[in-house]
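Novice: dropping a prediction and its sequence here:
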There are 2 protein chains.
Amino acid sequence: MANFHYNPHISVDCVIFGFDDERINILLIKRKQEGKNIYALPGDLVRKGEDLDHAATRVLFELTNLQNLYLEQFKTFGSPDRINDPLDIEWVNSIREHPEVRVITIAYNSLVKVEDVEFAPASFAEEVLWHPIDKPQKLAFDHNDIANTGWAMLREKIKREPLIAFSLLPEKFTLRQLQTLYEAIVGSSLDKRNFRKRMLRNKFLVALEEKQSGVSHKPAQYFKFDEAIYKEDFAKDQWFLF
Amino acid sequence: MANFHYNPHISVDCVIFGFDDERINILLIKRKQEGKNIYALPGDLVRKGEDLDHAATRVLFELTNLQNLYLEQFKTFGSPDRINDPLDIEWVNSIREHPEVRVITIAYNSLVKVEDVEFAPASFAEEVLWHPIDKPQKLAFDHNDIANTGWAMLREKIKREPLIAFSLLPEKFTLRQLQTLYEAIVGSSLDKRNFRKRMLRNKFLVALEEKQSGVSHKPAQYFKFDEAIYKEDFAKDQWFLF
């Protein structure tokens, strides 16, 4: 029986997306190795007796000082050859007691406002930075695969639960701000007239009396997101949408 | 560092749903213990150097002799107190060399036609059976949680990708058969007129010239599912469905 299996290390990796009012960024950590900058997702080994969600919360908190964020497990990556780049192998050899042991990692998605984050020094990161998702960047290990999968799954999730995206906007917002957010998520520009027409069909988008002030252009109307209407209207069973 | 973490066992568990032309069932394995029947999801430890998807495919194949099925990882369960029922503890003590070691399990969903499955004797199961999902059944470990999560996620998935559900129907089917499948998935009966009206809006549902023959009632028309139209029509970006 002992031949049949063996015990790998278990880690969590966090794919943390941040909206900066213009585009979506991903939080990366940087390590310096042989004069090169190597970028990776933040993560850490799961501790003895530690719950998986707790481990992810801990990594996120250590880096950002934020708690109670949207944080959701999306996939576990456990290919036996996850570590195959010579630089990654060298790095693992330098930090692990048993570098030959396979590492299976449970990946989590998170979504934050960039302005809410104050980077904190974390035990597992030399430097922390925001990187725009539309700018390609080679990452360590299989972290490109993890980040791409996380982004695809978060987009799917936002389609079904737009509530998550609305948390990135201020309490009152203009349709222009909403469109910018959507364009950042979709990754391309949208037709303004069409966007407004379709958006305004949603009853959970409530127009406020208040308009912008102190702007040189025609002041835009503010809207708010009504969670009660959303829950009643949108979250009902949509079996027949197709 | 060695104090900070330790290495758990890794397993896969499979939540296999089967449609029998009437309702949805879940595949369970039975163990006899102290004169009681204990039911559990099929699963096994991941072997050394084995890919996670491969381990799940192996479990499914050993039980059903089927390959190339829909099989998708949906969540990893790793609470430190996953094993707390005295009967489960006793059972683990009897089969594991190191029963004190925590087990983290990666759960997979699968969906099959009951008629396609021939149960095979598997190393990890005494008896295999289909159990209707609408009939409550206490399962071992945290398997009720795993099964419920799997079912909720599969339903979500079918909403977005109805293609998965159509694979449970014969090549040509009547609207009555389609409605029965939908009712089994939704878990309640649907209004016939409404169902037909909404379903027929989907262009990927193509009416055939052929009708039922040899039936005592008015013969129903056959339909087929057109994958090309579906892919063109449905699978496009649905950002503005809401």
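Specialist: Thanks, I have it. Note that the coordinates shown come from a computational prediction; the quantities given were computed from them, not determined experimentally. Numbering: from 1, shown residues only, chains lettered A, B, ... in the order given.
Novice: kindly list the main-chain dihedrals of A:Arg193?
Specialist: As for A:Arg193, its main-chain torsions (degrees, to the nearest 10) stand at phi -70, psi -50.
Novice: how much space between it and chain B?
Specialist: Plainly put, A:Arg193 is 13 Å away from chain B if you go by C-beta to the nearest C-beta, to the nearest Å. From N, CA and C alone the C-beta is placed, and that goes for glycine too.
Novice: for that residue, give its distance to A:Ile185.
Specialist: A:Arg193 sits 20 Å away from A:Ile185, going by C-beta to C-beta, to the nearest Å.
Novice: more crowded one of the two?
Specialist: A:Ile185 (22 against 8; other C-beta atoms under 10 Å in any protein chain shown).
Novice: that's a helix at A:Met153, yeah?
Specialist: Yes - under DSSP: H, G, I helix; E, B strand; the rest coil, A:Met153 falls within a helix.
Novice: look up which helix or strand the nearest residue to it once chain neighbours are set aside falls in, please.
Specialist: Using C-beta to C-beta, 6 or more residues apart in numbering or on different chains and skipping the chain neighbours, the partner closest in space to A:Met153 is A:Phe74 (4.7 Å). Per DSSP states H and E: A:Phe74 is located in strand A:71-77.
Novice: ok, that strand: who's next to it in the sheet?
Specialist: Sheet pairing here is set by DSSP bridges, and for strand A:71-77 it gives strand A:103-113 (antiparallel).
Novice: ok, then the element right after the strand it pairs with?
Specialist: strand A:127-132.
Novice: in that next one, what's buried?
Specialist: A:Val128, A:Trp130, A:His131 (16 or more other C-beta atoms under 10 Å in any protein chain shown).
Novice: among the residues you listed, which one sits closest to chain B?
Specialist: A:Val128 (20.9 Å; C-beta to the nearest C-beta).
Novice: what's the closest non-adjacent residue to that closest one?
Specialist: Per C-beta to C-beta, 6+ apart, closest to A:Val128 is A:Phe119, 4.5 Å.
Novice: isn't that neighbour right next to A:Thr64, touching?
Specialist: Yes - if you go by C-beta atoms under 8 Å, A:Phe119 and A:Thr64 touch, sitting 6.9 Å apart.
Novice: so between those two, which is more surrounded?
Specialist: The residue with more neighbours, out of A:Phe119 and A:Thr64, is A:Thr64; 23 against 15, by other C-beta under 10 Å.
Novice: the closest residue to the more buried one other than its chain neighbours: how many residues sit nearby?
Specialist: Leaving aside its chain neighbours, A:Thr64 sits nearest to A:Val117 (4.7 Å; criterion: C-beta to C-beta, 6+ apart). Counted with other C-beta under 10 Å, the neighbours of A:Val117 add up to 19.
Novice: what's the pLDDT at A:Val117?
Specialist: With respect to pLDDT, A:Val117 scores 89.
Novice: same for the strand or helix carrying A:Ala147, what does it pack against?
Specialist: A:Ala147 belongs to helix A:143-160 when assigned by DSSP H and E. Under the contact definition 3 or more C-beta pairs under 8 Å, 6 or more residues apart in numbering or on different chains; DSSP states H and E, helix A:143-160 sits against strand A:9-19, strand A:71-77, strand A:103-113, helix A:163-166, helix B:143-160.
Novice: how about a cut-off of 6 Å?
Specialist: Using 3 or more C-beta pairs under 6 Å, 6 or more residues apart in numbering or on different chains; DSSP states H and E as the contact criterion, the elements in contact with helix A:143-160 are strand A:9-19, strand A:71-77, strand A:103-113.
Novice: for that helix, output the C-alpha coordinates as CSV.
Specialist: In CSV, the C-alpha atoms belonging to helix A:143-160 read as follows (Å, rounded to 0.1, in the frame of the first residue of the first chain):
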residue,chain,number,x,y,z
HIS,A,143,1.3,30.4,-12.5
ASN,A,144,0.4,31.6,-15.9
ASP,A,145,-2.0,28.7,-16.3
ILE,A,146,-3.4,29.4,-12.8
ALA,A,147,-3.8,33.1,-13.4
ASN,A,148,-5.5,32.6,-16.8
THR,A,149,-7.9,30.0,-15.4
GLY,A,150,-8.7,32.2,-12.4
TRP,A,151,-9.5,35.2,-14.7
ALA,A,152,-11.7,33.1,-17.0
MET,A,153,-13.6,31.7,-14.0
LEU,A,154,-14.0,35.0,-12.4
ARG,A,155,-15.4,36.5,-15.6
GLU,A,156,-17.9,33.6,-15.8
LYS,A,157,-18.8,34.2,-12.2
ILE,A,158,-19.4,37.9,-12.7
LYS,A,159,-21.8,37.1,-15.6
ARG,A,160,-23.9,35.1,-13.2
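Novice: now it: average pLDDT?
Specialist: 90.
Novice: buried residues in it?
Specialist: A:143, A:146-147, A:149-151, A:153-155, A:157-160.
Novice: one step back: go ahead and confirm the residue nearest to A:Met153 touches A:Ala152.
Specialist: No - the criterion here is C-beta atoms under 6 Å, and A:Phe74 misses it with A:Ala152 at 9.4 Å.
Novice: neighbours of whatever residue of chain A ends up closest to chain B, how many?
Specialist: For chain A, the residue closest to chain B is A:Asn7, as judged by C-beta to the nearest C-beta, at 3.6 Å. Counted with other C-beta under 10 Å, residues neighbouring A:Asn7 total 17.
Novice: so when I look at it, I'm seeing a helix, right?
Specialist: No - assessed with three-state DSSP, A:Asn7 is coil; it does not lie in a helix.
Novice: and A:Ile24, how many neighbours?
Specialist: Count around A:Ile24 with other C-beta under 10 Å applied: 22.
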